[in-house]
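S.K.: I'll drop the sequence and a predicted model, then ask my questions.
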Amino acid sequence: MGAKIEKTFTGGNALFGEALKSAMDLNVLLLTALGSLSGVLIGALPGLSVTMATALLVSLTFSWSMEYAMAMIIGVYCGGVFGGSISAVLLNIPGAPGAICTGFDGYPLARQGKAAMALGLARIGSFIGGLIGVFFLAAFAPPISVIALKFGPFEYLGLITLGLITIGNLSEGSFLKAILAGLFGLLLSTVGMDPVYGIPRFTFGSMNLLSGIGLIPSLIGFFGLSEVIVQMRTPSHQHKAIDQLGKVLPKLKTFLKMIPLIIRSSILGAWIGALPGVGGTIASFLAYDSAKKTVKHPSAPFGEGAYEGVVAPEVANNAMIGGAMIPLLTLGIPGDAVTAVMMGAFIVHGMQPGPLMMVNSQNFFWFIIILLVLANFLFLFLGLLVTKYFPKVLSVRPETLMPIVSVLCFVGAYAIRNSVFDIVIMVVAGLVGYFFKLIKFPVGPVVIGLVLGGMADGEMRRVSMISEGDILGMLFSRPIALVIFAFALLQILDQVPGFRSGRKKMVNRVFSLFRQRKKNEKPN
Amino acid sequence: MKNFTRIALSVLFILMAAAMVFAGGEAEEEVVAYPTQEIEAVITWGAGGLTDNIARNFLPLLEEQLGGSKIYVQNKEGASGAIGSQYVMGKPADGYTLLVTTTESCGTWNVMGISDMDVTDFQPIIMMSSLTPTCYVSADAPWNTVEELIADAKARPGKIISGFAGPGSLGHVSALLFSKYSGADFNIVPFGGGAAVVAALLGGHVDVAFNPLISVMENYKAGKVKLLATFSNEKILDEVPALGAQVPSFQPVMPYGVMVMILVHKDTPESIVNILTDAASKACADPRWKEFADKVYIEIMGQTGDEFWEVVNNWKPTTTWLLYDAGVATKSPADFGIPRN
């Protein structure tokens, strides 16, 4: 289906045919399948990240032909982003930062015996999101890249602010605790060399801390190791083995109801993915946040196993892939960490992504698109095996499962940068995370604060340097940034009791005035 | 009791896992002939980046010259390369651990306050290549030459925004160098990385930027940016002027760039250093290395021994004093015996 869509866009020209021919190689198909499957597994294992896997693949595929190398790498990328949701759903340990939100509702679903359903939703959501992302890449790559470039430090700061505001909405329980946890994450993000002058902050003379507190090790610690400790301290008779796995597919009606949500989330994902320098993680935060705000009648309250809460971040997450390829293929500028590594792979194989690629090597552009579509279909089918058999993990006794998870935590923390210090960070984060869980503080906001804090720091400094201190004055000369900030302000004001209803009344009154006038005009 | 045993076993398992990770790869062996075993090459920058790319293309050629001992590559990034370098320093001085790094990192640790280590704490093998920065502007910018840009910057001090990637980076030093030796005042703004600078320039958020040639070539060929000059005295690309030739005040500090090099532990026996240097020189002369270098617009260097130090000693004063004068470096180069040039 995907291939047909693209064909109409190129008018079925020769370049596309050429690309299709090179993609029809059986080896390409097998390697993409192998990539997708290993991507799903790598994503699913807490601690092993897609970025790391692609980086390893670049050296592994060094001597291969470029077509084969790309098939494998793209397979891993697409499969891996979906795979991150598996451990989030089954173990409450997100395999990647982008899957944090998937666990908010996915894990409760798994506890209710609907693990297979949650994974099925994540899989289909990822598939549709992935395809819509590729569609944006295929159809609108050049215009989107032009608009994406209009996003400078001001606009990025606005987006990051929006992301920070979602913290209060992104976790169940006390709003105050979520904010405090988020602030703790922001504080952690200031450790290391500052992004402007490179001056060490809070490093206490430790060279290892100069690069800051690693995101992946802290993610593994806060979610993974802390969960291991919680489970191991729970007396074993209190563990409920979950044997019933539930249906894999939702009812068609449930699914049709979600179509508007899917479309919104995928546009959000593709768009944020296309912004170089933001990365897909925010896409899933914003998608979850907007789902929570806009879906009036979720299948269950958000945070207690809403299907919508699983679908929205997963759709956005995978739509992000197509988006992130846009600046890479049209400008030679990677959109996130994985595409940055991918760019290295292109160069190794003598391909320089950039504006000329769309002109000189269009067949290669289409080849990449075909691979992306192929990878999406492959993980849809291969993922069926996974969603069928992985939930059996839930019936494994914690005494058996948790030691394995903790091994993965150690290996994953080390492997991301081959650094023993990252293991230390992981263990400390695990202990702090456990403490947080004891006093009922959410750990999600800590990691979100850590993700966004570093970015906010850099963008804020750039904004003040570019505007030479006159931030407000400059803000009013940048319409996109102004809209984003106004939207952020609205989000905050809406939390003030009475403001939201007052605003709605105002809007309704204005609309009714307008309607009345129209009515009055008609008889004339 | 049963529970206790289970938990105890689990804890034991975790500890074993930790021990396995900590104990990895410490095999030591007395060397008589070299090389007789696998060689570890530590790259101090992340996988997939430019330095990584250069290293991964050079090391297979070196591997061939060394006669079949496998070289396996590890990325140990962080703290401007100091983490990976410290790791190599902690390894035995037997030539089985190579350090692949750049002058950008180990030449500036002292003044940036990152580490007490210095490039002189290692034994040089070879300087493989150099990345030349280029000064470029958007295609619709009003300036067509460096002179026009400098004249405009002098007329409107601090109003032209110049972008660079990260503190202490090649782009940063290039931007500082450009300001200082042109005598014009730019508003220098840092970005998150090389690619982010290109994006900011294409989007019109900065007016002029400095990057290695490879990161802008595709946009240059597509007519999206104008290359005003390369940081050299002689032309590197036929159609782009050399900064030194264009503006004479730049001549003494040109060519300027970042060098990618291979080092080993300081106490490595001379015989081993010689074998490595020999092999690396031959690899550097390999036509496939030239082919790769042309493809990614880097200059082949090839200095070893004393010539190596000469290049470093020319590079260091320019860079460290620029960083110090701009308030980026926290410690004075004079404290480390680096003379002002």
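M.R.: Great, that's in hand.
S.K.: from here on, contacts and neighbour counts on C-alpha atoms
M.R.: Fine.
S.K.: the lengthiest strand in chain B near chain A at all?
M.R.: Counting residues, the longest strand in chain B under DSSP state E turns out to be strand B:122-131. No: counting by CA under 8 Å from any CA of the partner chain, no contacts exist between strand B:122-131 and chain A, the nearest distance being 15.7 Å.
S.K.: so does the very next helix or strand once past that strand get close to chain A?
M.R.: Of the helices and strands lying after strand B:122-131 in sequence (DSSP states H and E), the nearest is strand B:133-138. No: applying CA under 8 Å from any CA, one finds strand B:133-138 separated from chain A by no less than 12.6 Å.
S.K.: and strand B:133-138, how far out from the chain middle?
M.R.: 19 Å (CA atoms, centre = their mean, to the nearest Å).
S.K.: paired strands for that strand, with orientation please.
M.R.: Using DSSP bridges, the strands paired with strand B:133-138 are strand B:208-212 (antiparallel), strand B:225-230 (antiparallel).
S.K.: dump that strand to PDB, keeping only the CA atoms.
M.R.: Provided in PDB are the C-alpha atoms of strand B:133-138 (Å, rounded to 0.1, in the frame of the first residue of the first chain):
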ATOM      1  CA  PRO B 133      37.300  25.200   8.600                       C
ATOM      2  CA  THR B 134      35.600  27.400   6.200                       C
ATOM      3  CA  CYS B 135      33.800  30.800   6.700                       C
ATOM      4  CA  TYR B 136      30.400  30.700   5.000                       C
ATOM      5  CA  VAL B 137      27.300  32.800   4.700                       C
ATOM      6  CA  SER B 138      23.800  32.100   3.400                       C
END
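S.K.: could you give the mean pLDDT of that strand?
M.R.: Mean per-residue pLDDT for strand B:133-138: 91.
S.K.: which of the strands paired with strand B:133-138 sits closest to B:Val312?
M.R.: When these are compared by CA to CA, strand B:208-212 sits nearest B:Val312, at 19.0 Å.
S.K.: how big is the angle separating that closest one from strand B:122-131?
M.R.: 120 degrees (axes from the mean of the first three to the mean of the last three CA atoms, to 10 degrees).
S.K.: check which element follows strand B:208-212 along the chain.
M.R.: Where DSSP H and E defines the elements, the next helix or strand beyond strand B:208-212 is helix B:213-221.
S.K.: mind listing what's buried along stretch B:67-80?
M.R.: By neighbour count on 16 or more other CA atoms under 10 Å in any protein chain shown, the buried set for stretch B:67-80 is B:69-80.
S.K.: surely B:Asn187 and B:Arg156 touch.
M.R.: No: at 10.6 Å, B:Asn187 does not count as touching B:Arg156 under the criterion of CA atoms under 8 Å.
S.K.: which strands and helices lie in contact with the longest strand of chain B?
M.R.: Contacts defined by 3 or more CA pairs under 8 Å, 6 or more residues apart in numbering or on different chains; DSSP states H and E place strand B:122-131 against strand B:258-265, helix B:270-285, strand B:298-303, helix B:305-325.
S.K.: sheet partners, orientation included, of it?
M.R.: Counting by DSSP bridges, strand B:122-131 is paired with strand B:258-265 (antiparallel), strand B:298-303 (antiparallel).
S.K.: let me know the pLDDT of A:Ala337.
M.R.: 75.
S.K.: can you tell me how far the residue nearest the centre of chain B sits from B:Trp45?
M.R.: Centroid-nearest residue in chain B: B:Thr102, 3.2 Å away (criterion: CA atoms, centre = their mean). Counting by CA to CA, to the nearest Å, the gap from B:Thr102 to B:Trp45 is 9 Å.
S.K.: now do the shared contacts for the two.
M.R.: Here B:Thr102 and B:Trp45 have B:Thr51 as joint contacts, going by CA atoms under 8 Å, 6 or more residues apart in numbering or on different chains.
S.K.: related to what we said a few turns ago, winner for burial among the strands paired with strand B:122-131?
M.R.: strand B:258-265 (a mean of 24; mean count of other CA atoms under 10 Å in any protein chain shown).
S.K.: what angle sits between that one and helix B:270-285?
M.R.: 150 degrees.
S.K.: these two touch, right, A:Met426 and A:Ile220?
M.R.: Yes: applying CA under 8 Å, one finds A:Met426 in contact with A:Ile220, separated by 6.3 Å.
S.K.: now the helices for the stretch 51-200 of chain B?
M.R.: Assigned by DSSP state H, counting those that start in this stretch, the helices in the stretch 51-200 of chain B fall at B:82-89, B:103-106, B:109-112, B:146-155, B:170-182, B:194-202.
S.K.: average pLDDT across stretch B:248-261?
M.R.: Across stretch B:248-261, the per-residue pLDDT values average to 85.
S.K.: ah, wrong one, I meant stretch A:134-141
M.R.: 89.
S.K.: and for stretch B:307-326?
M.R.: Here the average pLDDT along stretch B:307-326 is 84.
S.K.: which parts of it are buried?
M.R.: B:308-309, B:312, B:315-324.
S.K.: likewise for stretch B:38-48?
M.R.: B:39-48.
S.K.: for that stretch, C-alpha coordinates in CSV please.
M.R.: Output in CSV follows, covering the C-alpha atoms of stretch B:38-48 (Å, rounded to 0.1, in the frame of the first residue of the first chain):
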residue,chain,number,x,y,z
GLU,B,38,44.5,-7.8,19.0
ILE,B,39,45.0,-4.0,19.2
GLU,B,40,42.4,-1.8,20.8
ALA,B,41,41.9,1.6,19.3
VAL,B,42,40.1,4.1,21.5
ILE,B,43,38.3,7.0,19.7
THR,B,44,37.6,9.9,22.1
TRP,B,45,34.6,11.1,20.1
GLY,B,46,31.2,9.5,19.6
ALA,B,47,30.3,6.9,17.1
GLY,B,48,29.1,8.2,13.7
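S.K.: quickly note the distance from the residue nearest to the centre of chain B to chain A.
M.R.: Distance, B:Thr102 to chain A, using CA to the nearest CA, to the nearest Å: 17 Å.
S.K.: that residue and B:Val312 touch, don't they?
M.R.: No: using CA under 8 Å as the test, B:Thr102 is too far from B:Val312 to be in contact (10.7 Å).
S.K.: dump the residue contacts of B:Thr108.
M.R.: B:118, B:168, B:316, B:319-320.
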